[in-house]
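**Q** got a predicted structure here, sequence first:
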Amino acid sequence: MAIFYGGLAQVIVGLMEWKKNNTFGMLTFGSFGFFWISFATILVLPALGLTKAPGPVDLAAFLAVWSLLIFGLFICTLKMHRLLAFTLFMVFVLAVLLVAAQLTGSSLILHLGGFSGLVAGLLALYMGVGQVINEVYGSRVLPV
């Protein structure tokens, strides 16, 4: 899922957004797509015995860099609709909590990060399905 749906599919959407001259969509989808591909690779290569598993500090550093990008994307959404801004805010909270969980080893922080990730995922799912439903019906069925 991380490589093909979370990764490859989002990279393809990022390319489609690039073709539409949507820099924000291209950067967001493309970056998140490559995030999932790289994150899956970081976890799969050690399982295959091809490299050493990353330690908590390594994962924290990886996620911290992504947190910076997510924060920049969140700032961009402040000029867009509120649902998108709240979704990116929750993704930012997720990333920060995952960094904190890696650095502290706290299962509570990890679970809070997981909860914020579920909220972000549900919001993104709502936006995506809502846009398709509104397009199919030719009117605003769901507020998106």
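**A** Received the coordinates, thanks. In this text the structure is predicted, and so the values were computed from the model without any measurement.
**Q** neighbours around L84, how many?
**A** The number of residues packed near L84 is 20, by other C-beta atoms under 10 Å. Quick note: C-beta positions are derived from backbone N, CA and C, even for glycine.
**Q** actually K79, not the one I wrote
**A** 8.
**Q** which SS state does it fall under?
**A** Classification of K79 by DSSP: H, G, I helix; E, B strand; the rest coil places it in coil.
**Q** so it versus Q131, what's the distance?
**A** Going from K79 to Q131 by C-beta to C-beta, to the nearest Å gives 19 Å.
**Q** do the same with L63
**A** For L63, the distance to Q131 - C-beta to C-beta - is 29 Å.
**Q** comparing the two, which shows the higher neighbour count?
**A** Taking neighbours as other C-beta under 10 Å, L63 and Q131 compare with L63 leading, 23 against 12.
**Q** what's the helix or strand for that one?
**A** Using DSSP states H and E, L63 sits within helix 56-77.
**Q** in the longest helix seen in the chain, what's buried?
**A** In the chain, ranked by residue count with DSSP state H as the criterion, the top helix is helix 107-137. Along helix 107-137, these residues count as buried under the neighbour rule (16 or more other C-beta atoms under 10 Å): I109, L110, L112, G113, S116, G117, V119, A120, L123, A124, M127, G130.
**Q** just stretch 4-13 next, same as before
**A** By neighbour count, and taking 16+ other C-beta under 10 Å as the criterion, the buried residues in stretch 4-13 are G6, G7, Q10, V11, V13.
**Q** show the average pLDDT along that stretch.
**A** Averaging pLDDT along stretch 4-13 yields 93.
**Q** span of that stretch from start to end?
**A** Counting by C-alpha to C-alpha, to the nearest Å, you get 12 Å between the two ends of stretch 4-13.
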